[in-house]
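Q: I would like to see how this sequence folds:
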Amino acid sequence: MVVTPVFGVPHVYDFTPNLFSTSNSHRSVLVCIHGWLLSRAYWQPLMQQLTPDISCLAYDLRGFGDSTQQLSNRCNASETSTYGLTAYAHDLNALLDALELDQVWLMGHSLGGSIALWAAYLFPERIKGVICVNAGGGIYIHKAFEKFRSAGQQMVGWRPQWLQHLPLLPWVFAHIMVRQTLSYRWGQQRLIDFLRADSDAATQSLLASTTEKEVHQLPQIVSQLSQPVYFITGEQDTIMEPRYVKHLASFHRFFHQGKQAVVEFEQCGHFAMLEQPLALENQVRQWLSCG
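A: Numbers count the residues shown, from 1 in each chain. This is a model prediction of the structure:
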């Protein structure tokens, strides 16, 4: 675990270097971006599998995981919400500046996928490609989104810390949103991340990323990307259903070129990196080898 300031806010990250390369400037790095109410922890199994031949960087988004200190210090680098998708994309770019990393691949889970797409759009000179894991969208259904936002706000608003002492609650978190039940350890990690996320960051990132304007803008962003963009979806993902992933993927040039840019994992829900780690590793290696 290492800490570096990004716009005045300490960001915590883990980095596994490529031991076969001696030069940072020529090393291709896979940057992993976590989803809403989560943290960098969920990328650890994949990072360990990709080591030592693929360098991986996983960091905690501002307001989540271990990056929850001195949040009021942040100077907004964009004109949008402090916790909007473009603001998080600017955070990522600043982090890459601080670490002197260029020509990186981005892999984002759920909300992290949207952040990755925006970063590729805003900073094409340093982003080689994007892999979206359980991330899609582009279709705005008013009632469904209103219900989702309301439920999310209620979750964030009621998080008494004594919940962490309920021994059965990690088992609940190990079962929700997945097809393959997670271990108790991961259920406990999900509970920890749920409880420690900053309230403003959790609420504002939810609201900012699910407006009608933002949802409709994402396909336009994808259509303008010149970099490779790939998608992983879970066959039983009830949070981001495969049809929404395929819809967003259809706006990229790969779709019109007849290339297979969407891979659907069987027996998989919303956490492909934990439910199907070997399948994800193989797919990532294949896509990165294609450049």
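Q: My understanding was that Gln153 contacts Asp200; is that so?
A: No. With contact defined as Cβ atoms under 8 Å, Gln153 does not reach Asp200; the gap is 11.9 Å. Where you see a C-beta, it was placed from the backbone N, CA and C, and this is true even at glycine.
Q: Surely Met107 is in a helix?
A: No. With DSSP: H, G, I helix; E, B strand; the rest coil as the criterion, Met107 is strand rather than part of a helix.
Q: so who does the residue lying closest to Ile33 once chain neighbours are set aside touch?
A: Leaving aside its sequence neighbours, Ile33 sits nearest to Gly112 (Cβ to Cβ, 6 or more residues apart in numbering; 3.4 Å). Gly112 makes contacts with 32-35, 61, 133, 135, as judged by Cβ atoms under 8 Å, 6 or more residues apart in numbering.
Q: 10 Å - rerun?
A: For Gly112, the contact set (Cβ atoms under 10 Å, 6 or more residues apart in numbering) comprises 31-36, 38, 42-43, 61, 88, 92, 106, 132-135.
Q: That one - that's part of a helix, no?
A: Yes. Assessed with three-state DSSP, Gly112 lies in a helix.
Q: and the gap between it and Arg40?
A: 10 Å (Cβ to Cβ, to the nearest Å).
Q: And Gly258, by the same measure?
A: Gly258 is 36 Å from Arg40, by Cβ to Cβ.
Q: Who has more neighbours out of these two?
A: Arg40 (25 against 7; other Cβ atoms under 10 Å).
Q: centroid residue for the chain?
A: Nearest to the mean C-alpha position of the chain, counting by Cα atoms, centre = their mean, stands Gly112 at 2.2 Å.
Q: Look up the pLDDT of that residue for me, please.
A: According to the prediction, Gly112 has pLDDT 98.
Q: mind listing the helices for this protein?
A: Remark: helices assigned in the chain by DSSP state H are 44-50, 85-99, 111-122, 142-157, 169-175, 184-196, 199-209, 212-223, 242-249, 253-256, 272-275, 277-289.
Q: Pipe those helices into TSV and attach distance to Glu264 per row.
A: As requested, the helices of the chain are exported to TSV (distance: least, Cβ to Cβ, whole Å):
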stretch	distance to Glu264
helix 44-50	18
helix 85-99	25
helix 111-122	15
helix 142-157	22
helix 169-175	22
helix 184-196	22
helix 199-209	24
helix 212-223	18
helix 242-249	6
helix 253-256	15
helix 272-275	10
helix 277-289	10
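Q: and the ones you listed, which is most packed in?
A: Mean neighbours per residue, mean count of other Cβ atoms under 10 Å, is largest over those for helix 111-122, with a mean of 26.
Q: what angle separates that helix from helix 85-99?
A: Taking axes from the mean of the first three to the mean of the last three Cα atoms, to 10 degrees, helix 111-122 and helix 85-99 form an angle of 70 degrees between their directions.
Q: Now find how far off-centre helix 111-122 is within its chain.
A: Counting by Cα atoms, centre = their mean, to the nearest Å, helix 111-122 is centred 9 Å from the centre of its parent chain.
Q: Can you give me the end-to-end span of stretch 104-119?
A: In stretch 104-119, first residue to last residue: 11 Å (Cα to Cα, to the nearest Å).
Q: right, I mislabeled it, should have said stretch 133-152
A: 21 Å.
Q: Residues in a beta bridge with the nearest residue to Gln69 once chain neighbours are set aside, which ones?
A: Leaving out its chain neighbours, the residue that sits closest to Gln69 by Cβ to Cβ, 6+ apart is Pro10, at 5.3 Å. As for beta bridges, Pro10 partners with Pro5 under DSSP bridges.
Q: Tell me if I'm right that Pro10 and Arg62 touch.
A: Yes. In terms of Cβ atoms under 10 Å, Pro10 counts as a neighbour of Arg62; the distance is 9.4 Å.
Q: Low-confidence stretches in the stretch 151-291 of the chain?
A: Counting by pLDDT under 70, the ranges of the stretch 151-291 of the chain that qualify are 291.
Q: Please apply the same query to the stretch 1-150 of the chain.
A: Residue ranges of the stretch 1-150 of the chain with pLDDT under 70: 18-27, 74-80.
Q: 90 instead, please
A: Scanning the stretch 1-150 of the chain with the threshold set as pLDDT under 90 gives 1, 17-28, 51-53, 72-82.
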